[in-house]
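[1] got a predicted model here, sequence first, then my questions.
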Amino acid sequence: MYRFLLGMIVMALIGALVTKPGPEAAEAEVRRQIQLSVANEGLDGKSGLDAAALLLCRADNRACTDLLMSGIDLTYEDRYVYARIDLRGYKMTATCYGLYTRFFCPGGLIRE
């Protein structure tokens, strides 16, 4: 019984090691988090210029994401079985963990 359980744990670790996402997947996750943040930002209570910028970002999502990516510091760490990325920029932070070809960002982008 214990050998079976140990074997399953070893197989899960080997699977995680083989399918760990790389730096390209990390950048794609950052872009996805930015797009989610722009889509979820409310317009109420914004000044005219802020609301206009937000509407323009929603209209041309790719160009806006490229512009916002230039102001974000992305740190990728390879931790053997999983990967970790730390994001900082625009008074927001996020920590994401990559495992089994996906990144998981508990809490998403958080304001500092």
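    All right, it came through fine. Just so we're clear, the structure is a prediction, and the values are computed from it rather than from any experiment. Numbering: from 1, shown residues only.
[2] now do Met92 against Ile9, distance only.
    36 Å (Cβ to Cβ, to the nearest Å). Backbone N, C-alpha and C define where each C-beta goes, glycine included.
[3] out of these two, which sits in the busier spot?
    Met92 (16 against 10; other Cβ atoms under 10 Å).
[4] contact partners for the more buried one?
    Residues near Met92 by Cβ atoms under 8 Å, 6 or more residues apart in numbering: 37, 109-112.
[5] spell out the residue ranges of the helices in the protein.
    2-18, 23-40, 48-59, 61-69 (DSSP state H).
[6] most tightly packed of the ones you listed?
    Per residue and on average, the most neighbours among the helices of the chain fall to helix 23-40, with a mean of 16 (mean count of other Cβ atoms under 10 Å).
[7] quickly note the distance from Pro106 to Gln33.
    12 Å.
[8] what of Phe4?
    39 Å.
[9] residues contacting the closest residue to Arg102 other than its chain neighbours?
    In space, and not counting its chain neighbours, Arg102 is closest to Pro21: 6.7 Å by Cβ to Cβ, 6 or more residues apart in numbering. Pro21 sits next to 29, 83, 98-99, 101-103 when contact means Cβ under 8 Å, 6+ apart.
[10] okay, the residues you listed in TSV with distance to Arg62 and pLDDT next?
    Listed next are the contacts of Pro21 as TSV, based on distance: Cβ to Cβ, whole Å; pLDDT from 0 to 100:
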residue	distance to Arg62	pLDDT
Glu29	16	77
Ala83	25	86
Gly98	23	85
Leu99	28	82
Thr101	23	81
Arg102	22	80
Phe103	20	82
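[11] got TSV for those, with distance to Ala51 too?
    Listed next are these as TSV, based on distance: Cβ to Cβ, whole Å:
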residue	distance to Ala51
Glu29	28
Ala83	37
Gly98	35
Leu99	38
Thr101	38
Arg102	34
Phe103	30
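[12] most remote residue from the chain's center?
    Met1 (38.5 Å; Cα atoms, centre = their mean).
[13] wait, Tyr80 touches Leu17, no?
    Yes - using Cβ atoms under 8 Å, Tyr80 is in contact with Leu17, at 6.7 Å.
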